[in-house]
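J.: heads up, no residue letters with this:
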């Protein structure tokens, strides 16, 4: 028998919600089936959401890596730009313009990375929701078929 932290044993009611082997409330077969279907729905939805969270985490990691790489490339390009322009004989205002253009390009890249992340995250969320709704539809169909079977059986017995 399992024991509580205090060392006392758990009662059957505490463990199983029943006493002396009889359920606290008697459920009809329909109620048991409905309860089982609801539990299956919930488990399935939780599993789909867990998969979505894993996909979202992967997408965040990919986004962060791409943003980091973009930042590193920007820092390197900015550091090398004055030397490259000087070697080409360009100086003064043209250097500032070149630097501004370079920064604008990398900001555009950053925005593209973020937009790509949001698009992919939205797509993953839509797919997860679609999967959950399709599963709900299938469970509802099975439940209705079960109830129709019971109604048919009752009609035949009469």
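T.: Arrived safely, thanks for sending. The shown structure was predicted, so the numbers you read here are calculated from the model rather than taken from an experiment.
J.: list of residues touching stretch 146-158?
T.: 30, 33 (CB atoms under 8 Å, 6 or more residues apart in numbering). For the C-beta atoms, the positions are set from N, CA and C on the backbone; glycine is no exception.
J.: for the longest helix along the chain, what is the average pLDDT?
T.: Longest helix in the chain, counting residues (DSSP state H): helix 93-157. Helix 93-157 carries an average pLDDT of 90.
J.: next one: stretch 49-69
T.: Average pLDDT, stretch 49-69: 96.
J.: what comes up buried for it?
T.: 52, 55, 56, 59, 63, 66 (16 or more other CB atoms under 10 Å).
J.: now those as TSV including secondary structure?
T.: As requested, the buried residues of stretch 49-69 are exported to TSV (DSSP: H, G, I helix; E, B strand; the rest coil):
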residue	secondary structure
52	helix
55	helix
56	helix
59	helix
63	helix
66	helix
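J.: what is the nearest of these to residue 140?
T.: Closest approach to residue 140 among the buried residues of stretch 49-69 (CB to CB): residue 52, at 21.9 Å.
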